[in-house]
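Student: Fold the following, please.
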Amino acid sequence: MEILAIRAGQMLLILLLAFLIFGGLWFGLRFRRTMLLLGGKDVRDGQVADAVVLLSEEHPGSYLQGEPYYTFQVHVKPTRGRNFVTEVHVLREQLTRVPQAGDRVSVRYNYSGRKPTVVLNLDSIDSV
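Tutor: Numbers count the residues shown, from 1 in each chain. This is a model prediction of the structure:
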């Protein structure tokens with residue numbers, strides 16, 4: 001019986017150490033991600049890239065901040081790094097011209113955390 005008691009105590013110790021190691025790693029990664037998000041750059045300081053509008057969709061019955069809005073699915077082609085596809089929501093009143101699928105637009109993006117934050121350069125929509 002003593003052998004089983006020692007092994008059970010050792011097993012409990014191993015489980016406790018594993019729990020502490022995984023808990024410490026989880027906390028460390030979450031803390032790092034939180035610090036990146038809090039200390040991340042603003043989108044205004046982000047990088048400019050060209051993008052192609054893949055989908056332009058109006059939401060007439062839905063409201064964002066009390067206003068009708070558009071959803072654009074854009075394929076962003078940065079000068080450095082990998083291309084990526086993301087969605088951008090823009091209020092209708094901010095658009096002078098609504099980009100359609102296939103139009104080229106300029107975007108500003110910033111990687112903060114796991115997902116890039118992308119904003120359309122509204123000034124470039126008329127000129128592109």
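
Student: how about low-confidence regions in the chain?
Tutor: Residue ranges of the chain with pLDDT under 70: 1-6, 32-45, 62-65, 112-115, 122-128.

Student: try it again with 50
Tutor: Applying pLDDT under 50 to the chain picks out residues 37-40, 127-128.

Student: Grab the CA positions of the helix or strand hosting residue 88 and hand them over as CSV.
Tutor: Assigned by DSSP states H and E, residue 88 belongs to strand 84-91. What follows is strand 84-91 as a C-alpha-only set of coordinates in CSV (Å, rounded to 0.1, in the frame of the first residue of the first chain):
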residue,chain,number,x,y,z
PHE,A,84,-4.9,39.2,-46.8
VAL,A,85,-8.6,39.5,-47.2
THR,A,86,-10.7,41.4,-44.6
GLU,A,87,-14.0,43.2,-44.1
VAL,A,88,-14.4,46.9,-43.6
HIS,A,89,-17.5,48.6,-42.4
VAL,A,90,-18.1,52.3,-43.5
LEU,A,91,-20.9,54.6,-42.7
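
Student: what comes up buried for the helix or strand just after that strand?
Tutor: Next helix or strand after strand 84-91 toward the C-terminus (DSSP H and E): strand 104-112. By neighbour count on 16 or more other C-beta atoms under 10 Å, the buried set for strand 104-112 is 105, 106, 107, 108, 109, 110, 111, 112. Heads up, the C-betas are built off the backbone N, CA and C, glycines and all.
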